[in-house]
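>>> take this sequence and fold it.
(chains A and B)
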Amino acid sequence: MADPRQPRTTLALMREMGLTEEVVARRKAFLEFGAEDVERLRGLHDLAAQYADGVIEDFYSHLLSFEETQKFFTDPAILARVKAAQKQYFLELTQGQYDAPYVEDRLRIGVAHERINLPIELYLGAYNFYLRTVMLRLVEGYKNNPEQSTATLGSLLKLVFLDMGLATETYLFRRERTIREQQEAIREISTPVLPLRERLLLLPIIGAIDPPRAQQITTQLLQSIRAHRAKVVVMDITGVPTVDSAIANHLIQTVQAARLMGATVIVSGLSPEVAHALVRIGVDLSAVNTVGTLQDGIEAAEQLLGYIVSKAGDTGTSHNPAGS
Amino acid sequence: MRVPILKQGSYLIASIQDALSDEDLAQLQQELVARVGQARTRGVIIDVTALDVMDSFACRTLRDLAHTITLRGAETVIVGIQPDVAFALVRLGLSLSGAQTALDLEDGLALLDQHLQRGNTRGR
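Numbers count the residues shown, from 1 in each chain, chains lettered A, B, ... in the order given. Model (predicted):
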C-alpha cells in the first residue's frame, strides 16, 4: 500500500468520495441548475473578463486587511500565484463548462485549503465578500435590464453553492480520513503481542474494548500464536475498565479458538468490577483459565511450560531437580 | 483427491493437502481406521494446515474419526488449524471435543510422545 499521506490525484479523490457523473448530475438537479443557467452564465463571460482584475484586487485587499487571512499571504510570490489562480477560477465560472474536470478543479481547491488549514468560516466569509463584489459589478453591468440581472444572479448563486458544497465536502472528507487513519494507528498500538519467553506470549489489553477492537484482538492473538509457535498466552485485562456480555463472549470464543490451535490462554487481572459484572450478566467463564494478577498469570504459564524460576542464590538448594 | 497416509514409527500421519469433498473425507475416515489396526499404531496425526475453510461436515467427520480411532486403541491429534478456521469453528458453535489439537506437526508428535510415555509408565 502507498503511504496514505502522500498526495493523491484529485481524480482518485473524486472516486473515493463517490462523486460519479450521476451524483454530480443529481446535485445539479437539486439546485435546479439547468441549460438556461449555463446559457446565462456564458452570456456573462465578456462582462466577467472585463471586470476580472478589479474583482480580484478588491477581494485580496479585503483578505489582506484582516489578520486572520493575512497570515496566509506572507510570501508575495504565493500571493501572486493565488491571484492568478483566482482569476482563472473567476473566468471559469462563466465558461459554460461544468463537467467532471470542473468538479475536479473544485476538489483541488478544497484540498489546497485543507492543507493550509484554512478555517471553514474564513473560506465561507471570503466567498461571501467575493460574491458581493461580483454582484455589484453584475448589477451595474446589467443596469438596463434588471430582469436579466436577477436571473443571472440566480444562476450564479446556484453554481457558487455547488462549488462551495464540493470544496467544503473535500475538506471534511480529508479531515475524516485523517481521523480514521489515526484511529487505525491507535488501535494498532493499543494491542501489542509480546513474546515473553520461548512459546509464551503476553497480550496486555488497556482501555475499553469495542467490537472492532475485540475482532482485532482475536485476529492478532490467533495469528501471533501461529507466528511465534506459542503454547501459552497470558491475556492481561487489568487495564480494561468494563466488559459487557458481547465482549466477554467474544473473548471466550477467542480462548476456545486458541485452544483449537493447541495453545492455552490464561486471562489475568479481572478487576473486582469486571468480575462482579460478568457474574451478574451470567457469562459462563468456566471454560476460561482466569487468575488474579498478571504475576499469577505468568507464574501459571511458566508452570504449564515447565519452567522453574528461582533466585540466583537459591539455585541447587531446593527446586532444581538437576541439582543435589 | 486421495489423502496420503504416512507411517512414522508407531504413528500414522495424514496430511490433507487440498479442500476435500465429503466423499474424500469419508474415504479418509475408512482408510485411517483400517490402517490403525494393521500397523500397531499408537497415535494418529491429521494435518489440516492447508485447509482455509472447514465446514460442519468436515468438523463432525474429524471428531467422529477421533472417537473411532480411540476405540481402536490409538490417540488422535489434529494439527495446524489456521487462525481463521479456528475462530470460524468456535463462532459456528462447532467443536472438536474428544480430539486433541496442536499447533503443528512437531507439536503434535511431541504431544503423542508425552501421552504415550505417561500411558506406558502408568500401565506398568
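>>> got the phi/psi numbers for the nearest residue to residue A:290 once chain neighbours are set aside?
Of all residues beyond its chain neighbours, the one nearest residue A:290 is residue A:267 (4.8 Å), with distances taken as Cβ to Cβ, 6 or more residues apart in numbering or on different chains. Where C-beta positions appear, they are placed from N, C-alpha and C, glycine not excepted. Recorded main-chain torsions at residue A:267 are phi -100, psi 120, according to degrees, to the nearest 10.
>>> residue A:267 pairs with what?
When bridges are assigned using DSSP bridges, the partners listed for residue A:267 are residue A:235, residue A:290.
>>> is it true that it touches residue A:235?
Yes: contact criterion Cβ atoms under 8 Å: residue A:267 and residue A:235 qualify, at 5.0 Å.
>>> secondary structure class for residue A:233?
Of the three states, residue A:233 takes strand under DSSP: H, G, I helix; E, B strand; the rest coil.
>>> OK, contacts around the residue nearest to residue A:290?
The contact partners of residue A:267, taken as Cβ atoms under 8 Å, 6 or more residues apart in numbering or on different chains, are A:235, A:236, A:237, A:251, A:255, A:288, A:289, A:290, A:291, A:297.
>>> from the residues you listed, which shows the smallest pLDDT?
In terms of pLDDT, the weakest of those is residue A:288, which scores 83.
>>> tell me what the residue minimising distance to the centre of chain B is bridged to.
Within chain B, one residue has its C-alpha closest to the average C-alpha position: by Cα atoms, centre = their mean, that is residue B:46, at 3.4 Å. With DSSP bridges applied, residue B:46 shows beta-bridge pairing to residue B:14, residue B:78.
>>> what's the distance between it and chain A?
13 Å (Cβ to the nearest Cβ, to the nearest Å).
>>> that older thread, nearest to chain B, of the contacts of residue A:267?
residue A:255 (8.9 Å; Cβ to the nearest Cβ).
>>> circling back to that earlier point, which ones are touching the residue nearest to the centre of chain B?
Residue B:46 makes contacts with B:14, B:16, B:32, B:62, B:65, B:76, B:77, B:78, B:79, as judged by Cβ under 8 Å, 6+ apart.
>>> what about residue A:38, neighbour count?
The local packing count at residue A:38 equals 18, with neighbours defined by other Cβ atoms under 10 Å in any protein chain shown.
>>> quick one: secondary structure of it?
At residue A:38, secondary structure determined by three-state DSSP is helix.
>>> that one and residue A:93 touch, don't they?
No: using Cβ under 8 Å as the test, residue A:38 is too far from residue A:93 to be in contact (11.4 Å).
>>> in the chain, which spans are strands?
All of this refers to chain A. Taking DSSP state E, the strands of chain A run over residues A:194-197, A:200-206, A:232-239, A:264-268, A:289-291.
>>> ah, no, chain B please
Using DSSP E, the strands of chain B run over residues B:5-8, B:11-15, B:43-47, B:75-79, B:100-102.
>>> hang on, the earlier thing: need the contacts of residue B:46 in CSV with pLDDT and neighbour count, can you?
CSV is the format used below for those (pLDDT from 0 to 100; neighbours: other Cβ atoms under 10 Å in any protein chain shown):
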residue, pLDDT, neighbour count
B:14, 93, 19
B:16, 89, 21
B:32, 90, 22
B:62, 89, 24
B:65, 90, 24
B:76, 92, 27
B:77, 93, 25
B:78, 93, 22
B:79, 94, 24
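>>> chain A: which of the residues you listed is nearest?
residue B:79 (7.1 Å).
>>> now the closest one: closest residue in space that isn't a chain neighbour?
Closest residue in space to residue B:79, ignoring its immediate chain neighbours: residue B:108 at 3.9 Å, by Cβ to Cβ, 6+ apart.
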